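Visitor: structure for this input, please:
(chains A and B)
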Amino acid sequence: EPEVTQTPSHQVTQMGQEVILRCVPISNHLYFYWYRQILGQKVEFLVSFYNNEISEKSEIFDDQFSVERPDGSNFTLKIRSTKLEDSAMYFCASGDRSTNQPQHFGDGTRLSIL
Amino acid sequence: DAKTTQPTSMDCAEGRAANLPCNHSTISGNEYVYWYRQIHSQGPQYIIHGLKNNETNEMASLIITEDRKSSTLILPHATLRDTAVYYCIVRPPDGFNKFYFGSGTKLNVKP
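Guide: Presented below is the predicted three-dimensional model:
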C-alpha cells in the first residue's frame, strides 16, 4: 500500500540554524499538508498546499516557515532561525483528488533544537 | 476548533469489541466523520470515514446515528496493538480543509 515517507526521522539542530524537513507524498495525491505535535500536546495544523501554492495556513505558520514542492515528488518544510520551541514532531500528509477522501500521514520527523 | 466530544480514556479487554463513542451534535449536512488513531508518537493512522451510512472495512466499523449527531467506532476484536489515542474528526468534503485533532480517546487494551 502506498505511503507517505518523511526524512530524516530525527533531526538535531542548533538554535538559530535553518532546517529542511522532507516528505514524499503518495504519488497521485494533489493536496499536501504539514502538521506538528509538541511533546504531550495535540496535533496542530500548520499549512495546506495545492496547485503549487499555499491554500491555508495557521497562526503558527509565520514568516519563519516556508513550504515548497521543488519537483514532482518532494514536499518540503523549511524552518528558518530555529527556536527551542520549534522542537516537535512534524508530520506530512497528503490527500487525493476526491475531496472527501482522508489525508494519509507519514511517521514524522522529530525535530530537536538545542 | 473542536466540533467533537470524546471520552478521555477507555479500557477494553483483549479479544473483546472496543466501542469508542463520539458526539458531534453541531455537524453540518455535508461534513464527514473521520476516525484516526495515533500509536505512541507515530503519525496519525486513518481508520475509516463516513457521511451518514454505516461503514465497515478491514480495521473497524463506523456506526453513525440517524440524526448524525453522534457516532461509534467499533474495533471488533481488540488486540494489544490497538492501544492508541483515537481521534474522531468532522470535516467538510473540501480537500483544502485541515483536520482538527482534539485530545481524542486513549484506548487501553488489557490482557
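Visitor: touching, B:K98 and A:K57? I think so.
Guide: No. Contact criterion CB atoms under 8 Å: B:K98 and A:K57 do not qualify, at 9.6 Å. Heads up, the C-betas are built off the backbone N, CA and C, glycines and all.
Visitor: more crowded one of these two?
Guide: Taking other CB atoms under 10 Å in any protein chain shown, B:K98 and A:K57 do not tie; B:K98 has more neighbours (20 against 17).
Visitor: look up the closest residue to that one, ignoring the ones flanking it.
Guide: Sequence neighbours aside, A:F45 is the residue nearest to B:K98 in space, at 4.0 Å (criterion: CB to CB, 6 or more residues apart in numbering or on different chains).
Visitor: rewinding a little: which neighbours do B:K98 and A:K57 have in common?
Guide: Common contacts of B:K98 and A:K57, defined by CB atoms under 8 Å, 6 or more residues apart in numbering or on different chains, comprise A:S48.
Visitor: hang on, the earlier thing: now for the helix or strand that contains the residue nearest to B:K98, which elements pack on it?
Guide: Assessed by DSSP states H and E, A:F45 sits inside strand A:43-50. When contacts are defined as 3 or more CB pairs under 8 Å, 6 or more residues apart in numbering or on different chains; DSSP states H and E, strand A:43-50 packs onto strand A:31-37, strand A:53-57, strand A:65-68, strand A:75-79.
Visitor: of all those strands, which one comes closest to A:F91?
Guide: For A:F91, the closest of the helices and strands packed on strand A:43-50 is strand A:31-37, at 4.5 Å, according to CB to CB.
Visitor: tell me the angle the closest one makes with strand A:43-50.
Guide: Strand A:31-37 and strand A:43-50 are oriented at 160 degrees to each other (axes from the mean of the first three to the mean of the last three CA atoms, to 10 degrees).
Visitor: for strand A:31-37, name the packing helices and strands.
Guide: Partner elements for strand A:31-37 (3+ CB pairs under 8 Å, 6+ apart): strand A:19-24, strand A:43-50, strand A:88-95.
Visitor: just checking, what packs against the helix or strand following the last one?
Guide: Sequence order places strand A:104-105 as the next helix or strand after strand A:88-95, per DSSP H and E. Contact partners of strand A:104-105 among helices and strands, from 3+ CB pairs under 8 Å, 6+ apart: strand A:88-95, strand B:45-50.
Visitor: one more time with 6 Å
Guide: Helices and strands touching strand A:104-105, by 3 or more CB pairs under 6 Å, 6 or more residues apart in numbering or on different chains; DSSP states H and E, are strand A:88-95.
Visitor: flag the shaky bits of the chain, pLDDT-wise.
Guide: This is for chain A. Flagging of chain A using pLDDT under 70 yields the residue ranges A:98-99.
Visitor: ah, I was thinking of chain B
Guide: The low-confidence ranges in chain B, as defined by pLDDT under 70, are B:1-2, B:95-96.
Visitor: most remote residue from it's center?
Guide: B:P111 (22.4 Å; CA atoms, centre = their mean).
Visitor: quick check: that one vs chain A, distance?
Guide: Distance, B:P111 to chain A, by CB to the nearest CB, to the nearest Å: 26 Å.
Visitor: what is the burial count for the residue lying closest to that residue once chain neighbours are set aside?
Guide: Closest residue to B:P111 apart from its sequence neighbours, by CB to CB, 6+ apart: B:E14 at 5.3 Å. For B:E14, the count of nearby residues is 15 (other CB under 10 Å).
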